[in-house]
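Novice: With the sequence up front, the predicted model follows.
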Amino acid sequence: MSSSSPTHCSGKLEKQYAFKVTLTVYSSLKLKMKGKTSVLKEVKSIKTKELSFPLKVDNYLDFLQGVLDKHGQDHYKILERKQYSFKCVPPKTKGQHVSNVMDIDNEADYQEMVGKVSSIHPSTTKIFVDMKQVEKLPLSESGDEAAQALVHPAPPATPTININSLTSVLLLQMLTKSGLLSSLTPVTPATPAPPLVTPT
(Lines give C-alpha, C1' and ligand atoms only; values in the text may rest on other atoms or scores of the structure.)
Protein backbone atom coordinates (compact mmCIF):
# COMPACT_ATOMS: atom_id res chain seq x y z
CA MET A 1 0.00 0.00 0.00
CA SER A 2 2.85 2.36 0.28
CA SER A 3 3.60 4.47 -2.71
CA SER A 4 7.09 5.30 -3.85
CA SER A 5 6.66 9.01 -3.15
CA PRO A 6 6.48 9.77 0.56
CA THR A 7 5.63 13.35 1.52
CA HIS A 8 7.29 15.74 3.92
CA CYS A 9 5.31 16.73 6.97
CA SER A 10 6.91 18.79 9.74
CA GLY A 11 10.43 17.80 8.68
CA LYS A 12 10.04 14.03 8.36
CA LEU A 13 8.85 11.73 5.61
CA GLU A 14 5.40 10.18 5.83
CA LYS A 15 4.59 6.83 4.30
CA GLN A 16 1.81 7.07 1.71
CA TYR A 17 -0.80 4.32 1.41
CA ALA A 18 -2.76 3.62 -1.77
CA PHE A 19 -6.56 3.63 -1.72
CA LYS A 20 -9.03 2.84 -4.46
CA VAL A 21 -11.95 5.12 -3.57
CA THR A 22 -15.34 4.29 -5.08
CA LEU A 23 -18.03 6.97 -4.80
CA THR A 24 -21.66 6.07 -5.49
CA VAL A 25 -23.51 9.06 -6.97
CA TYR A 26 -27.27 9.28 -7.49
CA SER A 27 -29.21 11.30 -10.04
CA SER A 28 -32.87 11.52 -11.01
CA LEU A 29 -34.07 10.59 -14.48
CA LYS A 30 -37.55 11.45 -15.78
CA LEU A 31 -39.31 8.57 -17.51
CA LYS A 32 -42.46 9.17 -19.55
CA MET A 33 -44.95 6.38 -19.25
CA LYS A 34 -47.40 5.73 -22.09
CA GLY A 35 -50.62 7.54 -21.28
CA LYS A 36 -49.43 8.45 -17.78
CA THR A 37 -47.54 11.24 -16.14
CA SER A 38 -43.77 11.18 -15.98
CA VAL A 39 -42.07 9.27 -13.19
CA LEU A 40 -38.75 10.06 -11.56
CA LYS A 41 -36.32 7.16 -11.42
CA GLU A 42 -33.16 7.21 -9.35
CA VAL A 43 -30.07 6.26 -11.35
CA LYS A 44 -26.89 5.13 -9.62
CA SER A 45 -23.43 5.72 -11.07
CA ILE A 46 -20.05 4.67 -9.71
CA LYS A 47 -16.92 6.83 -9.83
CA THR A 48 -13.55 5.37 -8.85
CA LYS A 49 -10.29 7.23 -8.22
CA GLU A 50 -6.90 6.37 -6.73
CA LEU A 51 -5.80 8.24 -3.60
CA SER A 52 -2.43 8.24 -1.83
CA PHE A 53 -2.70 9.27 1.79
CA PRO A 54 -0.55 9.03 4.95
CA LEU A 55 -2.27 6.91 7.58
CA LYS A 56 -2.04 8.07 11.18
CA VAL A 57 -4.42 7.40 14.03
CA ASP A 58 -5.02 11.14 14.48
CA ASN A 59 -5.85 12.24 10.91
CA TYR A 60 -9.39 10.84 10.58
CA LEU A 61 -11.01 14.15 9.56
CA ASP A 62 -8.19 14.88 7.09
CA PHE A 63 -8.70 11.46 5.51
CA LEU A 64 -12.45 12.06 5.09
CA GLN A 65 -11.80 15.47 3.52
CA GLY A 66 -9.06 14.00 1.28
CA VAL A 67 -11.51 11.42 -0.11
CA LEU A 68 -14.05 14.14 -0.93
CA ASP A 69 -11.42 16.45 -2.43
CA LYS A 70 -10.17 13.67 -4.70
CA HIS A 71 -13.69 13.28 -6.16
CA GLY A 72 -14.23 17.03 -6.53
CA GLN A 73 -16.69 17.19 -3.63
CA ASP A 74 -14.66 19.76 -1.72
CA HIS A 75 -17.71 21.97 -1.14
CA TYR A 76 -18.76 19.66 1.71
CA LYS A 77 -17.31 20.41 5.12
CA ILE A 78 -16.10 17.73 7.55
CA LEU A 79 -16.59 18.79 11.15
CA GLU A 80 -15.67 17.25 14.49
CA ARG A 81 -19.36 16.55 15.13
CA LYS A 82 -20.43 15.89 11.50
CA GLN A 83 -18.80 13.19 9.34
CA TYR A 84 -19.87 10.50 6.89
CA SER A 85 -19.44 6.76 7.19
CA PHE A 86 -17.81 4.49 4.60
CA LYS A 87 -16.87 0.87 4.00
CA CYS A 88 -13.28 -0.30 3.87
CA VAL A 89 -11.94 -3.55 2.40
CA PRO A 90 -8.34 -3.96 3.59
CA PRO A 91 -6.01 -6.11 1.49
CA LYS A 92 -5.96 -9.83 2.22
CA THR A 93 -3.19 -11.14 4.44
CA LYS A 94 -1.23 -14.27 3.58
CA GLY A 95 -3.37 -17.36 3.95
CA GLN A 96 -6.59 -15.35 4.00
CA HIS A 97 -9.03 -16.15 1.18
CA VAL A 98 -11.47 -13.27 1.68
CA SER A 99 -10.97 -9.77 3.09
CA ASN A 100 -13.20 -8.57 5.88
CA VAL A 101 -15.33 -5.50 5.15
CA MET A 102 -15.10 -2.83 7.83
CA ASP A 103 -17.76 -0.20 8.48
CA ILE A 104 -15.99 3.03 9.42
CA ASP A 105 -18.47 5.19 11.31
CA ASN A 106 -16.25 7.05 13.77
CA GLU A 107 -12.67 7.77 14.82
CA ALA A 108 -12.31 4.52 16.78
CA ASP A 109 -13.24 2.51 13.67
CA TYR A 110 -10.76 4.58 11.65
CA GLN A 111 -7.98 3.88 14.15
CA GLU A 112 -8.72 0.15 13.87
CA MET A 113 -8.55 0.45 10.07
CA VAL A 114 -5.20 2.27 10.31
CA GLY A 115 -3.83 -0.57 12.44
CA LYS A 116 -4.97 -3.26 9.99
CA VAL A 117 -3.92 -1.45 6.82
CA SER A 118 -0.50 -0.39 8.09
CA SER A 119 0.32 -3.93 9.33
CA ILE A 120 -0.38 -5.57 5.94
CA HIS A 121 2.12 -5.79 3.09
CA PRO A 122 1.91 -2.98 0.50
CA SER A 123 -1.29 -3.27 -1.49
CA THR A 124 -4.33 -1.16 -2.35
CA THR A 125 -7.16 -0.72 0.15
CA LYS A 126 -10.66 -0.33 -1.27
CA ILE A 127 -12.91 2.40 0.12
CA PHE A 128 -16.64 2.66 -0.69
CA VAL A 129 -18.45 5.96 -0.07
CA ASP A 130 -22.16 6.57 -0.64
CA MET A 131 -22.99 10.12 -1.75
CA LYS A 132 -26.23 10.00 0.25
CA GLN A 133 -24.07 9.96 3.40
CA VAL A 134 -21.94 12.86 2.16
CA GLU A 135 -24.93 15.04 1.22
CA LYS A 136 -25.90 15.19 4.91
CA LEU A 137 -22.76 17.26 5.58
CA PRO A 138 -22.83 21.06 5.75
CA LEU A 139 -21.43 23.03 2.84
CA SER A 140 -18.10 24.76 3.29
CA GLU A 141 -17.98 28.52 3.52
CA SER A 142 -15.10 28.83 1.06
CA GLY A 143 -17.14 30.94 -1.33
CA ASP A 144 -17.39 28.23 -3.94
CA GLU A 145 -20.22 29.77 -5.96
CA ALA A 146 -20.73 26.72 -8.17
CA ALA A 147 -21.39 24.52 -5.16
CA GLN A 148 -23.73 27.07 -3.64
CA ALA A 149 -25.62 27.35 -6.94
CA LEU A 150 -26.21 23.59 -6.93
CA VAL A 151 -27.79 23.66 -3.50
CA HIS A 152 -29.37 27.13 -3.56
CA PRO A 153 -30.22 28.01 -7.15
CA ALA A 154 -30.85 31.66 -7.94
CA PRO A 155 -34.54 32.57 -8.10
CA PRO A 156 -35.85 33.04 -11.63
CA ALA A 157 -35.87 36.60 -12.88
CA THR A 158 -39.29 38.19 -12.77
CA PRO A 159 -40.16 40.42 -15.70
CA THR A 160 -41.00 44.01 -14.89
CA ILE A 161 -44.37 45.16 -16.22
CA ASN A 162 -45.60 48.68 -16.59
CA ILE A 163 -49.00 48.46 -14.88
CA ASN A 164 -50.40 51.47 -16.79
CA SER A 165 -49.65 49.88 -20.17
CA LEU A 166 -51.16 46.59 -19.07
CA THR A 167 -54.31 48.31 -17.81
CA SER A 168 -54.68 50.21 -21.10
CA VAL A 169 -54.33 47.05 -23.18
CA LEU A 170 -56.87 45.17 -21.03
CA LEU A 171 -59.33 48.07 -21.18
CA LEU A 172 -59.08 48.25 -24.99
CA GLN A 173 -59.63 44.48 -25.26
CA MET A 174 -62.74 44.67 -23.04
CA LEU A 175 -64.18 47.58 -24.98
CA THR A 176 -63.59 45.80 -28.30
CA LYS A 177 -65.19 42.53 -27.12
CA SER A 178 -68.22 44.32 -25.74
CA GLY A 179 -68.78 46.21 -29.00
CA LEU A 180 -68.43 49.64 -27.44
CA LEU A 181 -65.33 50.22 -29.49
CA SER A 182 -66.01 48.99 -33.00
CA SER A 183 -62.66 49.43 -34.61
CA LEU A 184 -59.23 49.93 -33.31
CA THR A 185 -57.08 52.24 -35.26
CA PRO A 186 -53.44 51.97 -34.43
CA VAL A 187 -52.11 55.10 -32.92
CA THR A 188 -48.66 56.01 -34.07
CA PRO A 189 -46.56 57.99 -31.73
CA ALA A 190 -46.07 61.58 -32.71
CA THR A 191 -42.74 62.26 -34.28
CA PRO A 192 -40.70 64.60 -32.22
CA ALA A 193 -40.48 68.13 -33.54
CA PRO A 194 -37.15 69.13 -34.94
CA PRO A 195 -35.10 71.21 -32.60
CA LEU A 196 -35.65 74.89 -32.85
CA VAL A 197 -32.82 76.80 -34.32
CA THR A 198 -32.45 80.26 -33.04
CA PRO A 199 -30.73 82.82 -35.23
CA THR A 200 -27.57 84.15 -33.77
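Specialist: Thanks, I have the structure now.

Novice: What segments of this structure are strands?
Specialist: 7-9, 12-14, 16-32, 38-54, 86-89, 102-104, 125-130 (DSSP state E).

Novice: what about those, which gets the closest to Gln65?
Specialist: strand 38-54 (10.4 Å; CB to CB). The C-beta positions use only the backbone N, C-alpha and C, and glycine is treated the same way.

Novice: returning to that earlier point: mean neighbour count for the strands of the chain - can I get that in CSV?
Specialist: As requested, these are exported to CSV (neighbours: other CB atoms under 10 Å):
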stretch, mean neighbour count
strand 7-9, 11
strand 12-14, 11
strand 16-32, 15
strand 38-54, 13
strand 86-89, 19
strand 102-104, 17
strand 125-130, 20
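
Novice: what sits against the closest residue to Ser45 other than its chain neighbours?
Specialist: Using CB to CB, 6 or more residues apart in numbering and skipping the chain neighbours, the partner closest in space to Ser45 is Val25 (5.1 Å). Val25 makes contact with 44-47, 131 under the criterion CB atoms under 8 Å, 6 or more residues apart in numbering.

Novice: In this structure, where is pLDDT below threshold?
Specialist: Where the chain drops to pLDDT under 70, the residues are 1-12, 32-36, 94-99, 121, 141-163, 166, 181-200.

Novice: before we move on, back to that, got the strands of the chain as TSV, with distance to Asp62 columns?
Specialist: Converted to TSV, the strands of the chain look like this (distance: least, CB to CB, whole Å):
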stretch	distance to Asp62
strand 7-9	11
strand 12-14	12
strand 16-32	13
strand 38-54	8
strand 86-89	14
strand 102-104	14
strand 125-130	14
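
Novice: Return the closest of the contacts of Val25 with respect to Ser85.
Specialist: Nearest to Ser85 among these, with distances taken as CB to CB, is Met131, at 12.4 Å.

Novice: Ignoring the adjacent residues along the chain, who's closest to the closest one?
Specialist: The nearest residue in space to Met131 (CB to CB, 6+ apart) is Val25, at 4.8 Å.
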